[in-house]
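>>> 3D model of this:
(chains A and B)
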Number of protein chains: 2
Amino acid sequence: MSFATAETRDAVSAESCNPRTATYPPQPTHFDARGEFDLVVAMRHAGTRNVRVRWQLVGNPDAPTLVVQGGISADRNAAATDAAATDTATEPGWWQAQIGADGGFDLRRVQLLSIDWIGADGTLDAPIDTADQADAIAATLDRLRIARIAAFVGCSYGALVGLQFAARYPTRLQKLVAISGAHRPHPYASALRALQRKVVALGQLQCADELGLSIARQLAMLTYRTPEEFEQRFVADTVLDGAHARCAAEDYLEVCGARYAERWSPTAFLRLSESIDLHRVDPAQVTVPTTLVAVEGDRLVPPTDVHELAGRIAAPTRVHVLRSLYGHDAFLKDVMPVAAILRKALETSSFDCSNGGVA
Amino acid sequence: MSFATAETRDAVSAESCNPRTATYPPQPTHFDARGEFDLVVAMRHAGTRNVRVRWQLVGNPDAPTLVVQGGISADRNAAATDAAATDTATEPGWWQAQIGADGGFDLRRVQLLSIDWIGADGTLDAPIDTADQADAIAATLDRLRIARIAAFVGCSYGALVGLQFAARYPTRLQKLVAISGAHRPHPYASALRALQRKVVALGQLQCADELGLSIARQLAMLTYRTPEEFEQRFVADTVLDGAHARCAAEDYLEVCGARYAERWSPTAFLRLSESIDLHRVDPAQVTVPTTLVAVEGDRLVPPTDVHELAGRIAAPTRVHVLRSLYGHDAFLKDVMPVAAILRKALETSSFDCSNGGVA
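Modelled structure (predicted):
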């Protein structure tokens, strides 16, 4: 089986796409492939649109495939490997900490497929549904001739899309792992996001796009973290900087905001943020074994919503509730507890031989 | 004893100031007096400044005086009475719900003094310390020839100023009641406020002052309330309004924001918000009997901070922890539990005859 070779032959992408294997420890057998293609999507709220789908596949090409998707600011580079061919891919992936024998993913035994969210490139200025993202992922699997995946592992927005994928393509995945996501947005979290979008719009109104986007991202950061973490990190008193107060966390937040604003466009932020609020999935349509992870202190996805979701899924469902200093961002920060949950949820013994089959 | 008469004689204010009594139930003996005067304040961070102090005094002129101060958006109109002389005073006070035999304050048995925060009129564009506010209140007491108050009852920002007042003027109050406030701002709450100020500055940058202020107020509203309340109030799904998503809480928040922006200036908001973050008081300097109220789910003042404060106050201190759907705003919304705490804390039997004495 050689998805990467297939894609290389079939490539519509100008981007490099270099499958190869390497033999250095600790991941002796893996490759890194990237590609992109044009897709016509029948969008839920915006008619038929052409989008560009960008994917990355890393790991053992003969092992089962996992789809791995993160939050709205995560890209397809979930896990960079030493086999990476491009500069971008040599940056650590957003879930790099989970790669390796001690992490949730052993690239000798699985391969990970991820896409850039449609809308992430800022060219799609229309309401995007999580179902549209699920369709884009299904189309990517078609493209790569992967009939069925061993699991969809989604975090945050990725968890919402994972639920949609499971509801829409029940025969194409064996398991779902949804971390810090539920069947609906919480009304308070929606209000927090709506205000972030208003800040971006305020910036756009005045040609201060980057500043608006930076402030919105800083607000988002606060919703991803917890007061307890800030209590530990930012102990200094507020000081006067000239004639204005400056709080201890402002340096940190401004760096986060500026870094984000450099890489993202207002349109991408607005449409992906909005997509979280448009999300709604009927849990009864989820009919594959599911692992849900909730985090105490998650200010966006309260564990009560995850428990409600669990009670309504039409398949065996396990809920893990993490205690974390990091709230919604626990999946990025609490590496060891999350790795343990992933390993348990993805145990090889439970992969059947139909996983990763070629269509 | 007739403070109101004294002030009328002495008035520097063009504003009406009409002490009178009325005999209708349920508050047969009360009056309503208002006045204003110029004050030179030696500010902590901004040198010597002239400010205008605006005060209101309502209740029984022969009863002990309580100073009552609310949040940064509260004004001197804590409790309007039917005896009110001005249009403004006929609007319900911000703590009107606590007035009466069932509330925390029986105006037959006490009189309430409140001021507009210095800086609230938007004319003071300088860092304002909570100690400056305490000084302005002490000056108002001087002006009204009130040597000593029965209690300082402060909520939110008013609690911070109450702590400063107790620390700075220990002989001028018998008791302190501090609701939803502590000896320092929490770093996470400071970050939330710093971002609100950045939003206001973004609006000011391009002459969109009202819009920036409105969005900042909407953010503040979210910090004053809880996810649980939003869960109950805003059950509708996010909908598409044209090409953009609109969340269930947006109508409500926009009304709150617009109403605030009509009445407040960016400067007033920026300087009073900043003042919360500059606040710091040494609990050991508080040497009067103190009642503290913390609220589970308060997203700005965690009960852990209130417990820490209680442990360090150098006088008998009682802590009440409220469970509330309303978080930081519990003092406005949970009328009965707050009334019970106020009545207990302010029991007449514990007022001694030195209270409210004329200087």
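>>> my read: residue A:45 touches residue A:126, true?
Yes - judged on C-beta atoms under 8 Å, residue A:45 makes contact with residue A:126 at a distance of 7.1 Å. Bear in mind the C-beta positions are built from the backbone N, C-alpha and C, glycine included.
>>> between these two, what contacts are shared?
Shared contacts of residue A:45 and residue A:126 (C-beta atoms under 8 Å, 6 or more residues apart in numbering or on different chains): none.
>>> burial count for residue A:227?
Using other C-beta atoms under 10 Å in any protein chain shown, residue A:227 has 22 other residues around it.
>>> actually residue A:48, not the one I typed
8.
>>> same question, residue A:282
Other residues near residue A:282 come to 11 when the count uses other C-beta under 10 Å.
>>> now swap in residue A:242 and tell me
Residue A:242 - counted by other C-beta under 10 Å - has 7 other residues nearby.
>>> Just grab the bridge partners of the nearest residue to residue A:344 once chain neighbours are set aside for me.
Of all residues not flanking residue A:344 in the chain, residue A:291 sits nearest, at 7.9 Å (C-beta to C-beta, 6 or more residues apart in numbering or on different chains). Note on residue A:291: beta-bridge partners residue A:177, residue A:318, judged by DSSP bridges.
>>> ok, residue A:291 - contacts?
A:175-178, A:317-320, A:341, A:344-345.
>>> now it: how far from chain B?
Separation of residue A:291 from chain B (C-beta to the nearest C-beta, to the nearest Å): 24 Å.
>>> what's the answer for residue A:104, then?
29 Å.
>>> per-residue confidence at that residue?
Residue A:104 carries a pLDDT value of 97.
>>> what does residue A:31 give?
Reported pLDDT for residue A:31: 74.
>>> Could you count how many residues lie near it?
Using other C-beta under 10 Å: residue A:31 sits among 24 other residues.
>>> Confirm for me that it is in contact with residue A:63.
No - using C-beta under 8 Å, residue A:31 is not in contact with residue A:63; the gap is 10.9 Å.
>>> Now for the most centrally placed residue in chain A: which residues touch it?
With distances taken as C-alpha atoms, centre = their mean, the residue of chain A nearest its centroid is residue A:70 (1.2 Å). Listed by C-beta under 8 Å, 6+ apart, the contact partners of residue A:70 are A:78, A:94-95, A:114, A:154-158, A:331.
>>> where does it fall, phi/psi-wise?
Main-chain dihedrals, residue A:70, degrees, to the nearest 10: phi -110, psi -150.
>>> And the helices in chain A?
For chain A, the helices defined by DSSP state H occupy A:3-10, A:87-90, A:130-143, A:157-168, A:187-205, A:209-224, A:227-233, A:250-263, A:266-278, A:303-312, A:330-333, A:335-345.
>>> And the fourth one, what does it pack against?
The criterion is 3 or more C-beta pairs under 8 Å, 6 or more residues apart in numbering or on different chains; DSSP states H and E, and the helices and strands that helix A:157-168 contacts are strand A:65-69, helix A:130-143, strand A:151-155, strand A:176-179, helix A:266-278.
>>> The third one relative to helix A:157-168, how many degrees between them?
Following axes from the mean of the first three to the mean of the last three C-alpha atoms, to 10 degrees, one obtains 140 degrees for the angle between strand A:151-155 and helix A:157-168.
>>> Which neighbours in the sheet does strand A:151-155 have, and how are they oriented?
Short version: by DSSP bridges, strand A:151-155 pairs with strand A:65-69 (parallel), strand A:176-179 (parallel).
>>> ok, residues contacting it?
Strand A:151-155 is touched from outside by A:66-71, A:74, A:95, A:104, A:160-163, A:165-166, A:173-181, A:331-332, A:342, A:345-346, with contacts defined as C-beta under 8 Å, 6+ apart.
>>> Alpha carbons of it, as CSV, please.
Extracted C-alpha coordinates of strand A:151-155, given in CSV (Å, rounded to 0.1, in the frame of the first residue of the first chain):
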residue,chain,number,x,y,z
ALA,A,151,-9.9,6.3,14.1
PHE,A,152,-10.7,10.0,13.9
VAL,A,153,-8.9,11.8,16.7
GLY,A,154,-10.1,15.4,17.0
CYS,A,155,-9.4,18.1,19.5
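>>> which residues sit in contact with the closest residue to residue A:228 other than its chain neighbours?
Leaving aside its chain neighbours, residue A:228 sits nearest to residue A:325 (5.5 Å; criterion: C-beta to C-beta, 6+ apart). By C-beta under 8 Å, 6+ apart, the contact list for residue A:325 reads A:226, A:228-229, A:232, A:333.
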